[in-house]
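J.: Got a sequence here, can you build the structure:
(one chain, ligands or ions: 1)
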Amino acid sequence: MNLLKGHTGKYISFVLLGIVAAVANTAIIYLINEVIAKYVEDTRSDTGVYLSYFAGAVALFFISRWLVSYGMVGFMQDLLFKIRLRVVEMVLKSPFHPLVKHKEKVYTALTRDTNNIVNASINMVDLLTNSILVVLCLVYMGILSWKLLLCFSLMLCFALVVYAISEKKAVGLFNQAMSKDDQFVRNLNELLSGFKEVIIARKKGADIRDQHMKPALQEAVVLNKKALVFHLNNRITGQMAFYIFIGSLLMFIGNQVSVERAQVISFVFVLLYIWSPIETIVLMMPSLSQAKISLNRLGSLQETLKDKDLGYNEAPQQMDFQSLEVESMVYQYQAEPGDLPFTVGPNQFELRQGDVVFIFGGNGSGKTTFINLLIGLFMADQGQIKVNEQAIVPEQFAEYRALFSPVFSDFHLFERAYGMNGFDRNKALEYLRLFELDHKVLIQENGFNTTQLSTGQRKRLALVTAMLEKKPILILDEFAADQDPYFRRKFYQEILPYLKQEGFTVAAITHDDNYYHLADKVYKMYEGKLEKVTLSASLNKSGIVEYL
Ligand SMILES: Nc1ncnc2c1ncn2[C@@H]1O[C@H](COP(=O)(O)OP(=O)(O)OP(=O)(O)O)[C@@H](O)[C@H]1O
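T.: You can find the predicted model right below:
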């Protein structure tokens with residue numbers, strides 16, 4: 001992913017300012033060295049000139065350095081904004097299944113990976129400034145004595161080769177540690193989602209902590225430690241090599257390669273000066289390695305979620321709806337190795353404008369899967385859907401989905417009425433009264449206050465919200481299951497006719513066989529197969545109503 005797109009100009013200006021800072025910094029060292037040389041030679045009369053150059057170089061260094069740092073603050077915030085929004089975009093455009101499967105990667109992408117990348121992009125400018133400084137100083141050292149530079153370069157090359165080898169190992173370890181972090185986040189999500197159960201059975205929480213979270217954290221600690229120890233070893237080895245080199249330079253090398261004492265002193269001075277930038281570069285490597293891994297992970301997340309949702313469109317047109325037919329629709333779940341995959345279909349199904357259609361069937365028979373296929377959440381492997389006798393093509397899927405307002409059995413009640421073009425407060429009040437929520441729920445600026453409601457009341461509010469979306473077809477997955485007998489009766493006997501009168505078409509999964517006769521059509525789901533049933537009921541041997 002190209003993160004610098006739109007920021008290239010800014011980044012180039014930071015790089016240029018970084019170069020200016022590095023040149024000014026080198027000039028400072030050069031000037032100090034020259035003044036020292038003048039002192040040694042006792043020609044102090046020239047120092048005034050050097051002093052004015054020195055003041056200029058210092059001013060240039062600080063101004064350019066400040067400008068880079070100031071610019072970087074804004075750049076960092078922009079980049080953070082851009083990457084986070086990019087991840088949200090990926091999420092919004094993703095089809096259903098890949099996202100559900102890789103949810104925890106989205107969390108880590110938004111937190112750790114984003115920060116790693118932003119920090120490294122700041123470090124990149126520092127890295128560049130320091131690298132230029134080192135190169136310029138090396139040139140200067142070459143001018144002082146090419147023989148000494150050759151010796152130093154040999155030592156530096158050796159240190160860099162050792163560094164590169166252990167750095168590769170460190171990157172591998174960081175990568176493994178990040179996978180352990182993902183596992184930890186997955187468990188944390190589980191713990192937070194199931195916290196009620198955990199409070200009742202503390203052993204569950206302890207088990208998640210001891211058997212899963214703690215080992216994942218411990219493994220991440222071990223891996224991170226190992227990786228950081230590689231860096232530490234590199235640093236210590238580098239420092240030792242450097243001190244040994246300086247000692248040898250002063251004691252033997254200078255004499256051996258016959259370089260004048262004054263040049264050796266100047267050389268050592270520059271060497272002492274550039275060690276800090278060299279060390280800074282080396283110390284930045286872990287953050288750069290981590291950023292590289294994070295960038296790869298964002299890339300792979302993008303790859304995982306790359307399939308744009310079918311017919312992706314954020315503002316689909318409202319389709320006219322008169323009739324809907326499902327023809328020979330088949331869907332098969334991907335099974336775990338060794339398991340038989342569950343298949344729903346081939347199924348036929350029809351819905352006419354104003355219909356109230358019920359689907360019933362045993363647990364696990366495939367009702368929810370079928371509903372998910374019907375509303376276009378899952379993509380069927382075979383078959384087609386026709387609206388007003390026209391087959392729906394993939395490009396029309398966003399428009400097709402906009403026909404439905406679902407209340408899932410595991411519905412989510414959003415805090416506000418997001419995505420509604422104008423929140424109809426009058427209708428909202430009318431619906432709240434109908435659902436007997438008007439004394440419990442307050443209408444706010446753009447939605448309802450949703451706190452202090454029971455599960456059944458929350459579900460009623462979810463249906464109110466679905467109705468306010470003014471989509472032609474309401475999809476209800478076991479809506480009445482959480483309602484008390486009084487409201488259940490009201491739902492089937494008053495609310496469903498009201499919905500019909502309001503122009504809604506309703507397809508509902510239900511187990512309330514006492515009310516099947518109120519539907520226009522009833523379908524039975526058995527082992528993935530839908531069957532239209534007649535509404536003539538009979539009592540079976542046990543006296544239970546049975547639909548044929
Ligand atoms: N994510 C999944 N991966 C694989 N198989 C699945 C998955 N979800 C459901 N199934 C299989 O599909 C079958 C149908 O599930 P579905 O949720 O559609 O049943 P249902 O009729 O709605 O059941 P219930 O009345 O319990 O809600 C299940 O028996 C299960 O084996």
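J.: For Gly345, give me phi and psi.
T.: phi 110, psi -180 (degrees, to the nearest 10).
J.: What sits closest to it if chain neighbours are left out?
T.: Using CB to CB, 6 or more residues apart in numbering and skipping residues adjacent in sequence, the residue nearest Gly345 is Val330, 3.7 Å away. C-beta here means a position set from N, CA and C on the backbone, and glycine is covered the same way.
J.: Report all helices and strands that the helix or strand hosting that neighbour contacts.
T.: Per DSSP states H and E, Val330 falls inside strand 323-332. Here strand 323-332 touches strand 343-352, helix 367-374, strand 382-387, going by 3 or more CB pairs under 8 Å, 6 or more residues apart in numbering; DSSP states H and E.
J.: So for the ligand, which of those sits nearest?
T.: The ligand lies closest, by CB to the nearest ligand atom, to one member of the helices and strands packed on strand 323-332: helix 367-374, at 3.2 Å.
J.: Could you tell me the average pLDDT over the closest one, please?
T.: Mean pLDDT, computed over helix 367-374, is 94.
J.: Just want the angle from the strand holding Val330 to helix 367-374.
T.: 120 degrees (axes from the mean of the first three to the mean of the last three CA atoms, to 10 degrees).
J.: Buried ones in strand 323-332, by neighbour count?
T.: Applying a neighbour-count criterion of 16 or more other CB atoms under 10 Å, one finds 324-326, 329, 331 buried in strand 323-332.
J.: nearest to the ligand, of those residues?
T.: When those are compared against the ligand (criterion: CB to the nearest ligand atom), the nearest one is Tyr331, at 9.4 Å.
J.: so the closest one makes contact with Ile371?
T.: No. At 11.5 Å, Tyr331 does not count as touching Ile371 under the criterion of CB atoms under 8 Å.
J.: Could you tell me how many residues sit around the residue of the stretch 101-250 of the chain found nearest the ligand?
T.: In the stretch 101-250 of the chain, the residue that lies nearest the ligand is Lys101 (9.5 Å; CB to the nearest ligand atom). If you count neighbours by other CB atoms under 10 Å, Lys101 ends up with 11.
J.: ditto for Thr8
T.: Neighbours of Thr8 (other CB under 10 Å): 10.
J.: picking up where we left off before, please read off the pLDDT at the residue of the stretch 101-250 of the chain closest to the ligand from the model.
T.: pLDDT at Lys101 comes out at 76.
J.: List the contacts of it.
T.: Under the criterion of CB atoms under 8 Å, 6 or more residues apart in numbering, Lys101 has no neighbours.
J.: For it, give its distance to Pro95.
T.: From Lys101 across to Pro95, the span is 11 Å (CB to CB, to the nearest Å).
J.: Kindly report the same for Arg65.
T.: On the measure of CB to CB, Arg65 and Pro95 end up 48 Å apart.
J.: deepest of the helices and strands packed on strand 323-332, which one?
T.: Mean neighbour count (mean count of other CB atoms under 10 Å) peaks for helix 367-374 among the helices and strands packed on strand 323-332, with a mean of 23.
J.: thinking Asn33 is in contact with Ile265, fair?
T.: No. With contact defined as CB under 8 Å, Asn33 does not count as touching Ile265 (9.1 Å).
J.: For Phe358, which non-adjacent residue is spatially closest?
T.: Once flanking residues are discounted, Phe358 sits nearest to Ala519: 4.2 Å by CB to CB, 6+ apart.
J.: got the contact list for the one you found?
T.: Shown here is Ala519, whose contacts under the criterion CB under 8 Å, 6+ apart are 356-358, 508, 535.
J.: Also Asn233?
T.: By CB under 8 Å, 6+ apart, the contact set of Asn233 is Ser166.
J.: so it, which of the three states?
T.: helix (DSSP: H, G, I helix; E, B strand; the rest coil).
J.: what about it, distance to Asn123?
T.: Per CB to CB, Asn233 is found 21 Å from Asn123.
J.: follow-up on the earlier one: of the buried residues of strand 323-332, which is the nearest to Thr111?
T.: Tyr331 (34.9 Å; CB to CB).
J.: Contact residues of this structure facing the ligand?
T.: Within the chain, the positions near the ligand by CB under 6 Å from any ligand atom are 333, 342, 361, 363-369, 525.
J.: List buried members of those by neighbour count.
T.: For those, buried by 16+ other CB under 10 Å: 342, 361, 365-369, 525.
J.: Serialize those to CSV and add fields for distance to Phe75.
T.: CSV is the format used below for those (distance: CB to CB, whole Å):
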residue, distance to Phe75
Phe342, 51
Gly361, 58
Ser365, 56
Gly366, 53
Lys367, 53
Thr368, 48
Thr369, 48
Met525, 56
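J.: Closest to Tyr418 out of these?
T.: Out of these, the member with the shortest distance to Tyr418 (by CB to CB) is Thr368, at 23.8 Å.
J.: Contacts only, for the closest one.
T.: With CB under 8 Å, 6+ apart, Thr368 has these contacts: 409, 477, 509.
J.: give me that answer again for 6 Å
T.: Thr368 makes contacts with Asp477, as judged by CB atoms under 6 Å, 6 or more residues apart in numbering.
J.: what's the spacing between it and Phe504?
T.: From Thr368 across to Phe504, the span is 21 Å (CB to CB).
J.: cool, and Asn116?
T.: 49 Å.
J.: same deal with Gly376?
T.: 18 Å.
J.: roughly how far is the helix or strand encompassing Lys225 from the heart of the chain?
T.: Taking DSSP H and E as the definition, Lys225 sits inside helix 214-248. Centroid displacement of helix 214-248 relative to its chain, using CA atoms, centre = their mean, to the nearest Å, is 31 Å.
J.: now do stretch 380-395
T.: 33 Å.
J.: and that stretch, what's its mean pLDDT?
T.: In this model, stretch 380-395 has an average pLDDT of 90.
J.: what residues does it touch?
T.: Here stretch 380-395 makes contact (CB under 6 Å, 6+ apart) with 310-311, 322-332, 373, 400.
J.: mind redoing it with 10 Å?
T.: With CB atoms under 10 Å, 6 or more residues apart in numbering as the test, stretch 380-395 has contacts from 310-313, 319-332, 343-351, 353, 370, 373-374, 376, 379, 396-397, 399-401, 403.
J.: show me what contacts Thr510?
T.: By CB under 10 Å, 6+ apart, Thr510 lies in contact with 358-360, 367, 476-481, 488, 491-492, 516, 519, 522.
J.: List only buried entries from those.
T.: 358-360, 367, 476-480, 488, 491-492, 516, 519, 522.
J.: ok, so of the residues you listed, who is nearest Ser153?
T.: Asp477 (71.6 Å).
J.: Now do stretch 418-431: distance to the chain's middle.
T.: Put simply, stretch 418-431 sits 32 Å off its chain's centre (CA atoms, centre = their mean).
J.: Revised request: answer the last question for stretch 9-23.
T.: The answer for stretch 9-23 is 31 Å, by CA atoms, centre = their mean.
J.: what do you get for stretch 67-79?
T.: With CA atoms, centre = their mean as the basis, the mean position of stretch 67-79 lies at 23 Å from the chain mean.
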